[in-house]
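Asks: Output the structure for:
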Amino acid sequence: MRAFDEMRKLEMFFREETRRGSCSVVDLYELVQHAGNVLPRLYLLCTVGSVYIKSKEAPAKDVLKDLVEMCRGIQHPLRGLFLRSYLSQISRDKLPDIGSEYEGDAESINDAVEFVLQNFIEMNKLWVRMQHQGPVREKEKRGKERNELRDLVGKNLHVLSQIEGVDLDMYKETVLPRILEQVVNCKDDLAQFYLMDCIIQVFPDEYHLQTLETLLSAFPQLQPSVDIKTVLSQLMDRLSNYAASSPEVLPEFLQVEAFAKFSNAIGKVIEAQPDMPVVGAVTLYVSLLTFTLRVHPDRLDYVDQVLGACVKKLSGKAKLEDSRATKQIIALLSAPLEKYSNIVTALELSNYPRVMDYLDNATTKVMAVVIIQSIMKNTTCISTSDKIEALFDLIKGLIKDMDGAQDDELDEEDFKEEQNSVARLIHMLHNDDHEEMLKILCTVQKHILLGGPKRLTFTVPSLVFSALKLVRRLQGQDGDVTGEDVPATPKKIFQILHQTIEALSCVPSPELALRLYLQCAEAANDCDLEPVAYEFFTQAFILYEEEIADSKAQITAIHLIIGTLQRMNIFGVENRDTLTHKTTGYSAKLLKKPDQCRAVYACSHLFWTDDQDGIMDGERVLLCLKRALRIANAAQQMANATRGSSGSVTLFIEILNKYLYFFEKGIPQITNTVIQDLIELIRTEQQSDNAVADPSTEAFFSSTLRYIEFQKQKGGNIGEKYEQIKTSS
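Replies: Purely as a prediction, here's the structure:
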């Protein structure tokens with residue numbers, strides 16, 4: 001480049017000499033041709049030629065034609081490249097272009113184009129020949145040198161794109177065919193890749209669109225080693241950006257059938273290169289799909305056609321294991337989700353699931369998570385059973401074990417996150433039509449019951465609560481539930497729930513199944529379905545008896561049963577007596593005495609409810625509280641026998657609070673005398689020699705006594721009842 005700068009100074013010297021009249025430019029042009037060495041001679045000739053054109057003593061086209069022909073004298077690749085680069089540099093502002101001071105007749109534009117094209121062709125030939133110079137061991141070194149010199153050739157195309165006279169017709173008829181002919185015929189992968197990229201980058205988008213067929217026809221003729229996918233992708237990206245920036249040009253895309261031409265070209269490229277890696281082919285389809293979604297977003301048939309072409313390319317192959325190929329498949333499948341922000345649109349694409357079938361198990365899960373995240377992000381409501389069937393087919397990698405899947409390779413945290421996403425998805429499925437919602441629930445049930453024991457604990461609760469939402473909407477309806485095609489009624493839904501939870505209880509996950517049975521029993525109570533509610537309680541008790549062995553789990557379960565049963569108001573006397581008898585019996589059989597005591601006094605609430613027409617059996621309330629006292633006393637004796645101390649009196653204080661609760665409710669069997677006796681009992685236990693001092697227990701008792709005093713001071717009916725109770729010792 002420094003040499004070129006020096007030549008500029010020489011050009012200024014020649015110009016000054018001709019201006020002073022020391023020597024005419026014609027004589028100077030003849031004189032330099034007598035230089036002894038050809039290379040200096042041609043550099044001098046180009047320099048003087050620049051002065052000659054500026055002098056306008058000869059038409060620019062004649063001088064340029066002479067110079068480009070004379071430069072053939074240098075056939076050494078490297079020297080010839082730099083010589084012609086110098087020629088291009090000094091002539092770029094002297095071309096006989098429209099509006100230029102060197103413009104000649106009507107044909108001068110053709111002359112300018114011909115000069116640049118001829119120089120480009122010769123430079124490309126020299127550039128390609130560089131790879132054949134020198135020993136084989138230096139081939140890599142020559143490749144690097146060629147790569148560094150590529151811009152010398154590419155500048156000619158940039159000059160062509162800047163010629164004002166090169167309109168669309170000339171570009172279509174002359175420029176592009178000549179360039180492509182040279183690109184194809186050179187049969188050099190580096191040159192072909194670089195020059196195709198240059199064509200795409202330097203010429204206007206409008207020209208590419210109008211000459212698309214000609215341009216695309218060259219791609220199948222390129223060398224197999226050329227990275228065609230990158231160049232084609234750049235072309236599609238550029239045209240899609242053109243469409244996005246200028247919506248008014250969209251009709252032109254339809255007019256030239258851009259999609260069909262790209263699709264056809266990609267098919268021919270893949271056919272011409274049978275050894276093309278899968279990742280290359282899929283990358284081409286990703287670019288075509290991106291182009292389609294940006295230019296023709298309303299044409300789902302185009303989108304499905306791209307996916308179908310990808311399936312055809314993948315047909316006969318096993319599941320993809322190449323990480324790059326699977327990454328491109330994910331990009332292909334994610335593009336419609338990102339564009340339409342609605343999985344329902346993707347579900348209308350028949351080839352969408354067929355593409356997913358070629359992903360390995362791990363990648364299928366990744367894609368399933370992407371689909372669910374798209375649904376969550378866009379709060380998409382999927383409202384028909386057939387769409388849900390299609391959706392669950394897409395995310396089957398998350399809802400059931402795939403063939404050949406290795407369970408031991410699954411990370412526990414990842415598994416939980418996957419299943420939680422499925423559970424959230426189930427809550428997104430909704431339809432205001434009761435019949436269709438029932439079909440949705442049946443579809444979901446069919447799929448999740450295939451998920452295996454590890455998945456049911458995550459997915460069944462979501463299905464149960466979705467079904468219970470429908471039950472609340474149908475509350476009060478009834479009907480015949482025999483057969484498959486029946487109207488949506490609570491009974492029908494409870495049958496589905498029973499089957500679903502039964503599958504969960506076999507996992508085994510008895511604690512969760514018991515909770516769900518109780519939820520269903522509560523819903524059946526609100527629907528006035530006594531037999532159904534009783535059946536759910538029966539199943540809960542069976543689970544408690546046969547499956548729940550852990551003492552802590554038993555404590556939690558019995559309190560859940562008590563709380564649910566206390567709320568039930570549908571049972572007749574016989575059924576309720578059976579259930580309460582069972583509950584109190586289980587409460588008294590817990591492993592530890594304190595747990596027995598707390599469960600038994602909790603059962604007292606089963607016999608006194610505040611609801612209208614509620615149960616008010618004071619005798620049985622008193623029996624529960626007395627039984628709790630006996631158990632508490634037994635616990636004290638056991639503590640005294642084993643530890644030499646009577647232990648804490650916390651249980652007695654808790655029972656006292658229960659007495660106070662029912663005392664305020666007005667149960668006649670709970671009198672102030674009974675409460676007074678219990679207070680004295682607690683004081684006696686606290687003052688016994690074996691009592692263990694416990695500040696928290698003493699604070700609890702003091703707080704209870706203060707409550708009694710507060711009620712006295714408050715007055716009213718309750719205050720009068722408390723008057724006869726003495727809290728001071």
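Asks: What separation is there between residue 78 and residue 158?
Replies: 21 Å (C-beta to C-beta, to the nearest Å). No exception for glycine: its C-beta is placed from N, CA and C like everyone else's.
Asks: Sketch out the low-pLDDT regions of the stretch 351-500 of the chain for me.
Replies: Within the stretch 351-500 of the chain, the segments meeting pLDDT under 70 span 403-410, 476-486.
Asks: let's go with 90 and repeat that
Replies: Filtered on pLDDT under 90, the stretch 351-500 of the chain yields the residue ranges 357-366, 379-383, 397, 400-415, 450-454, 474-489.
Asks: Where does residue 667 sit: helix, strand or coil?
Replies: Following DSSP: H, G, I helix; E, B strand; the rest coil, the label given to residue 667 is coil.
Asks: Give the burial count for it, as a bare number.
Replies: Using other C-beta atoms under 10 Å, residue 667 has 21 other residues around it.
Asks: Just to check, it is in contact with residue 620?
Replies: No. Applying C-beta atoms under 8 Å as the test, residue 667 and residue 620 come out as separate, 10.4 Å apart.
Asks: who are the neighbours in contact with residue 458?
Replies: The neighbours of residue 458, taking C-beta atoms under 8 Å, 6 or more residues apart in numbering as the test, are 416, 419, 420, 422, 423.
Asks: Among those residues, name the buried ones.
Replies: 419, 422, 423 (16 or more other C-beta atoms under 10 Å).
Asks: I'd like to know which of those is nearest to residue 88.
Replies: Checking those against residue 88 by C-beta to C-beta gives residue 422 as the nearest, at 63.8 Å.
Asks: how close does that closest one sit to residue 456?
Replies: Residue 422 sits 11 Å away from residue 456, going by C-beta to C-beta.
Asks: Overlap of the contact sets of these two?
Replies: Counting by C-beta under 8 Å, 6+ apart, the residues touching both residue 422 and residue 456 are residue 448.
Asks: any idea which element the residue nearest to residue 347 when sequence neighbours are not counted lies in?
Replies: Nearest non-adjacent residue to residue 347, counting by C-beta to C-beta, 6 or more residues apart in numbering: residue 390, 4.6 Å away. Assessed by DSSP states H and E, residue 390 sits inside helix 385-394.
Asks: Packing partners of whichever strand or helix holds residue 684?
Replies: Secondary structure from DSSP H and E places residue 684 in helix 672-687. Contacts defined by 3 or more C-beta pairs under 8 Å, 6 or more residues apart in numbering; DSSP states H and E place helix 672-687 against helix 650-665, helix 695-714.
Asks: Which among those is found nearest to residue 548?
Replies: Proximity of the helices and strands packed on helix 672-687 to residue 548 was assessed by C-beta to C-beta; the nearest stretch is helix 650-665, lying at 23.9 Å.
Asks: so that closest one versus helix 672-687, what angle?
Replies: If you take axes from the mean of the first three to the mean of the last three C-alpha atoms, to 10 degrees, helix 650-665 sits at 160 degrees to helix 672-687.
Asks: same question for helix 650-665, mean pLDDT?
Replies: Averaging pLDDT along helix 650-665 yields 94.
Asks: cool, and stretch 327-336?
Replies: For stretch 327-336, the mean pLDDT works out to 92.
Asks: Kindly report the same for stretch 607-627.
Replies: So the average pLDDT for stretch 607-627 ends up being 86.
Asks: what does it rub up against?
Replies: 566, 569, 576, 580, 584, 588, 600-601, 603-604, 606, 655, 658-659, 662, 665, 667-670.
Asks: so who does the nearest residue to residue 434 once chain neighbours are set aside touch?
Replies: Counting by C-beta to C-beta, 6+ apart, residue 488 is the residue found nearest to residue 434 once chain neighbours are left out, at 4.1 Å. Shown in contact with residue 488 (C-beta under 8 Å, 6+ apart): 434, 435, 437, 438, 470, 474.
Asks: and which of these is nearest residue 100?
Replies: Of all the contacts of residue 488, residue 437 has the smallest distance to residue 100: 75.3 Å, by C-beta to C-beta.
Asks: Buried residues, the helix or strand where the closest one lies. List them.
Replies: Using DSSP H and E, residue 437 sits within helix 434-448. Using 16+ other C-beta under 10 Å as the test for burial, helix 434-448 gives 434, 437, 438, 439, 440, 441, 442, 443, 444, 445, 447, 448.
Asks: Which elements pack onto that helix?
Replies: In this structure, helix 434-448 packs against helix 385-394, helix 396-399, helix 412-427, helix 453-473, helix 490-505, with contacts taken as 3+ C-beta pairs under 8 Å, 6+ apart.
Asks: I'd like the ones you listed written out as a markdown table, with distance to residue 594 added.
Replies: Listed next are those as a markdown table, based on distance: least, C-beta to C-beta, whole Å:
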| stretch | distance to residue 594 |
| --- | --- |
| helix 385-394 | 48 |
| helix 396-399 | 44 |
| helix 412-427 | 35 |
| helix 453-473 | 30 |
| helix 490-505 | 29 |
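Asks: Which one, of these, ends up nearest to residue 352?
Replies: Judging the helices and strands packed on helix 434-448 by C-beta to C-beta, what sits closest to residue 352 is helix 385-394, at 7.3 Å.
Asks: ok so, going back, just give me the neighbour total for the residue nearest to residue 347.
Replies: 20.
Asks: how about the nearest residue to residue 724 once chain neighbours are set aside, what does it touch?
Replies: With C-beta to C-beta, 6+ apart as the criterion, residue 724 has its nearest non-adjacent residue at 4.7 Å, and that residue is residue 672. Contacts for residue 672 were tallied using C-beta under 8 Å, 6+ apart; they are 663, 721, 722, 724, 725.
Asks: In what element of secondary structure is the second one found?
Replies: The secondary structure element spanning residue 721 is helix 716-722 (assigned by DSSP H and E).
Asks: Please work out which residues outside that helix touch it.
Replies: For helix 716-722, contacts defined as C-beta under 8 Å, 6+ apart pick out 663, 664, 672, 708, 711, 712, 713.
Asks: Among these, name the buried ones.
Replies: Neighbour-count burial within the contacts of helix 716-722 applies to 663, 708, 711, 712; the criterion is 16+ other C-beta under 10 Å.
Asks: my guess is the last one meets residue 723, correct?
Replies: Read it as residue 712. Yes. Here residue 712 reaches residue 723: they are 6.1 Å apart, a contact under C-beta under 8 Å.
Asks: Apart from its neighbours in sequence, what residue is nearest the residue positioned nearest the centre of the chain?
Replies: When C-alpha atoms, centre = their mean is applied to the chain, the residue found nearest the centroid is residue 370 (2.5 Å). Leaving aside its sequence neighbours, residue 370 sits nearest to residue 334 (C-beta to C-beta, 6+ apart; 5.8 Å).
Asks: Could you tell me the angle between the helix or strand hosting the one you found and helix 385-394?
Replies: Using DSSP H and E, residue 334 sits in helix 323-340. Per the same axes, to 10 degrees, the angle that helix 323-340 makes with helix 385-394 is 160 degrees.
Asks: Show the average pLDDT along the helix or strand that helix 323-340 is followed by.
Replies: As assigned by DSSP H and E, the chain's next helix or strand after helix 323-340 is helix 343-347. Across helix 343-347, the average pLDDT comes to 89.
Asks: Determine how far helix 343-347 lies from the middle of the whole chain.
Replies: 14 Å (C-alpha atoms, centre = their mean, to the nearest Å).
Asks: And for stretch 304-322?
Replies: That offset, for stretch 304-322, works out to 21 Å (C-alpha atoms, centre = their mean).
Asks: same check, this time on stretch 246-266
Replies: Counting by C-alpha atoms, centre = their mean, stretch 246-266 comes out at 30 Å from the chain centroid.
Asks: Enumerate the positions of it that are buried.
Replies: Of the residues in stretch 246-266, those buried by neighbour count under the rule 16+ other C-beta under 10 Å are 249, 253, 258, 259, 262, 263, 265, 266.
Asks: quick one: contacts of that stretch?
Replies: With C-beta under 8 Å, 6+ apart, stretch 246-266 has contacts from 206, 209-210, 212-213, 216-217, 219-220, 232, 236, 239, 242-243, 284-285, 288, 291-292, 295-296, 299, 302, 305-306, 309.
Asks: Thank you kindly, that will do.
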